[in-house]
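Novice: just the structure for this:
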Amino acid sequence: MIEKMNLENILFLDIETVPEQENFTSLDSEMQTLWELKTQYQRKDEFTPEDFYERAGIWAEFGKIVCISVGYFTLKSDISHFRVTSFFGDETKILKDFSNLMGNHFSKPQHLLCGHNAKEFDIPFIARRMIINQIAIPSKLNLFGKKPWEVPHLDTLELWKFGDYKHFTSLKLLTKVLGIPSSKGDIDGSQVAHVFYVDQDIDRIITYCEKDVIAVAQVFLRFRREDLLIDEEILHV
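Specialist: Numbering: from 1, shown residues only. Here you go, the predicted structure:
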């Protein structure tokens, strides 16, 4: 099935998120209580709500998107390129720019979205933050009333599971076992909030996010038993 897909119809994506506020004490009292209730199962007695707040970026109700990176293949005169671009800055602008890209270039029936664990994290997170920011959800993200086989999303984690739903494999591990050059730079997901709030270095986050998009595309090529992208074929725009 995936071998027959036109690569130019797939939009590869990854997002980076951080807690909506820099620290727990910046939340109002009601949100502090709601955070405590939301995370009581995950925290158990090991962490206080305040200590656990550094992980708030994984919940759309308490986090926000600071970068969406996307990549797509183009084929002209038998020359293939993978174009990568990122949206960053104010979250509302990030979401609107991403929505405009979807509407203008990836809204047709044949178009698909692809990420690693995107069905569980990236895509729901984007949709929820759009609702919170009062932005219309693009049709490719709006799954209401759609049957499973009608959902226009691919997920490299799901493809790797082969129906083994209890199985989780990180993108870093998957690239390693498939012989793909590491996607990670000098930070990992747990450090993004510190880089954003303390270092205030959005460029490092963009680089990290774009490398993940490239890695997802490389994994997809491996699944199709095709040659990996080389640096000269990757364009940052």
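Novice: buried stuff in the longest strand seen in the chain?
Specialist: The residue-count maximum for a strand in the chain (DSSP state E) belongs to strand 63-76. Applying a neighbour-count criterion of 16 or more other Cβ atoms under 10 Å, one finds 63-73 buried in strand 63-76. (Glycine included, C-beta is placed from N, CA and C.)
Novice: report all helices and strands that the helix or strand of the chain with the lowest mean pLDDT contacts.
Specialist: Here the helix or strand of the chain ranked lowest by mean pLDDT, DSSP states H and E is helix 40-43, holding a mean of 91. Packing contacts for helix 40-43, counted by 3 or more Cβ pairs under 8 Å, 6 or more residues apart in numbering; DSSP states H and E, involve helix 49-52.
Novice: ranges for the helices of the chain?
Specialist: 29-38, 40-43, 49-52, 91-105, 122-132, 156-161, 171-177, 192-194, 202-223 (DSSP state H).
Novice: format those as JSON lines; extra columns: distance to residue 143 and mean neighbour count.
Specialist: Output for the helices of the chain, formatted as JSON lines (distance: least, Cβ to Cβ, whole Å; neighbours: other Cβ atoms under 10 Å):
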{"stretch": "helix 29-38", "distance to residue 143": "23", "mean neighbour count": "14"}
{"stretch": "helix 40-43", "distance to residue 143": "26", "mean neighbour count": "12"}
{"stretch": "helix 49-52", "distance to residue 143": "30", "mean neighbour count": "16"}
{"stretch": "helix 91-105", "distance to residue 143": "14", "mean neighbour count": "17"}
{"stretch": "helix 122-132", "distance to residue 143": "8", "mean neighbour count": "19"}
{"stretch": "helix 156-161", "distance to residue 143": "15", "mean neighbour count": "18"}
{"stretch": "helix 171-177", "distance to residue 143": "23", "mean neighbour count": "17"}
{"stretch": "helix 192-194", "distance to residue 143": "27", "mean neighbour count": "19"}
{"stretch": "helix 202-223", "distance to residue 143": "20", "mean neighbour count": "21"}
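Novice: could you identify which of these has the lowest mean pLDDT?
Specialist: Mean pLDDT values for these show the minimum at helix 40-43, a mean of 91.
Novice: which residues touch it?
Specialist: Defining contact as Cβ atoms under 8 Å, 6 or more residues apart in numbering, one finds that helix 40-43 is touched by 49, 52.
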